[in-house]
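Visitor: give me a model of this one.
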Amino acid sequence: MKLSEIVDMTAGLNTTRLTLEQKENMYSVMDLQNDLEQADGVITLKPDGSEPDYILKTGDFVISLIRGQAAIVSSRNTGRYINANFIKCKFDHSQLDPWYLCYLLNDSSEVSQQRTMLQQNSFSGLYRITAALIGQLDLNLPDIDRQKQAGRIYKSMLRTKYLMDQQSEQIRQITLQFIRRMDPEGEKDNGK
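Guide: Below you'll find the model as predicted:
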C-alpha cells in the first residue's frame, strides 16, 4: 500500500510569508534531531483541531524534506511553526503506529532503497525529498500489534543510543581534562 493512501501530508509555511515572531519560533532540523534522539514524544490520538496545521503540538508526526528524517514532536517544541522544509503527517493510529513509521522512514533499508530509486527517477536532478515522493513509498505493513511492538523497541533504542552518546561525551570530556592536567604545555596551547 502506498503511504499516501493512509497518511495526509501538509507542508509548512512558505518562509516569505512568515512574520518575524514566526521566524523566531521556527522548528528546525536540529529540533527534529533532538526530538528523534531523545524519543520522548507522547503520541496524542485525537488532535483537537484548534491550531493550524503549521503550528506543532506534542505528538505531531513531522518529516524533514531536507534530511528525509521523521520524528515525533516533543513538548519542548509545542507551539513552534514549520516552514516548507517540513511536512506534518496525520494518520489513523489504529492502522499505523507513529514510532514504527519513524523506523520505516529513518532506518528501514527497504524504504531507503525505494527512496533512492524514486529520487533517481525524478526529473528535478535534486536529491531533496518531496511530499509526493514520500507518498509514493510502497509499504508492506505488519498488523498493528507488531507495529506497536517494533515501534516501542525502536523508540527505546533511540533513547538508549542518546543516553549512551551523552555518557560517551562526558567520558571524553573527563578524559581530556585529566590529560590536560597532566600536560601543562598542552593546557597553555589548548586553553580548553
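
Visitor: quick one, what contacts the closest residue in space to Thr15 that isn't next to it in sequence?
Guide: Spatial nearest neighbour of Thr15, excluding adjacent residues (C-beta to C-beta, 6 or more residues apart in numbering): Asn83 at 5.0 Å. C-beta here means a position set from N, CA and C on the backbone, and glycine is covered the same way. The contact partners of Asn83, taken as C-beta atoms under 8 Å, 6 or more residues apart in numbering, are Gly12, Leu13, Asn14, Thr15, Leu18, Met26, Tyr27.

Visitor: pull out the buried members of those residues.
Guide: Gly12, Leu13, Leu18, Met26, Tyr27 (16 or more other C-beta atoms under 10 Å).

Visitor: longest helix of the chain?
Guide: Longest helix of the chain, by residue count under DSSP state H: helix 144-182.

Visitor: helices along this structure, start to end?
Guide: Using DSSP H, helices in the chain cover 20-24, 29-38, 98-107, 109-121, 131-135, 144-182, 184-190.

Visitor: point out the most buried one among those.
Guide: helix 98-107 (a mean of 22; mean count of other C-beta atoms under 10 Å).

Visitor: can you give me the angle it makes with helix 29-38?
Guide: Between helix 98-107 and helix 29-38, the angle comes out at 120 degrees (axes from the mean of the first three to the mean of the last three C-alpha atoms, to 10 degrees).

Visitor: please save the CA atoms from helix 98-107 in PDB.
Guide: Below are the C-alpha coordinates for helix 98-107, written out as PDB (Å, rounded to 0.1, in the frame of the first residue of the first chain):
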ATOM      1  CA  PRO A  98       3.900   6.500  14.700                       C
ATOM      2  CA  TRP A  99       7.100   5.100  16.000                       C
ATOM      3  CA  TYR A 100       7.000   2.300  13.500                       C
ATOM      4  CA  LEU A 101       6.600   4.800  10.800                       C
ATOM      5  CA  CYS A 102       9.600   6.700  12.200                       C
ATOM      6  CA  TYR A 103      11.600   3.400  11.900                       C
ATOM      7  CA  LEU A 104      10.400   2.800   8.300                       C
ATOM      8  CA  LEU A 105      11.300   6.300   7.100                       C
ATOM      9  CA  ASN A 106      14.600   6.700   9.100                       C
ATOM     10  CA  ASP A 107      16.200   3.200   9.200                       C
END
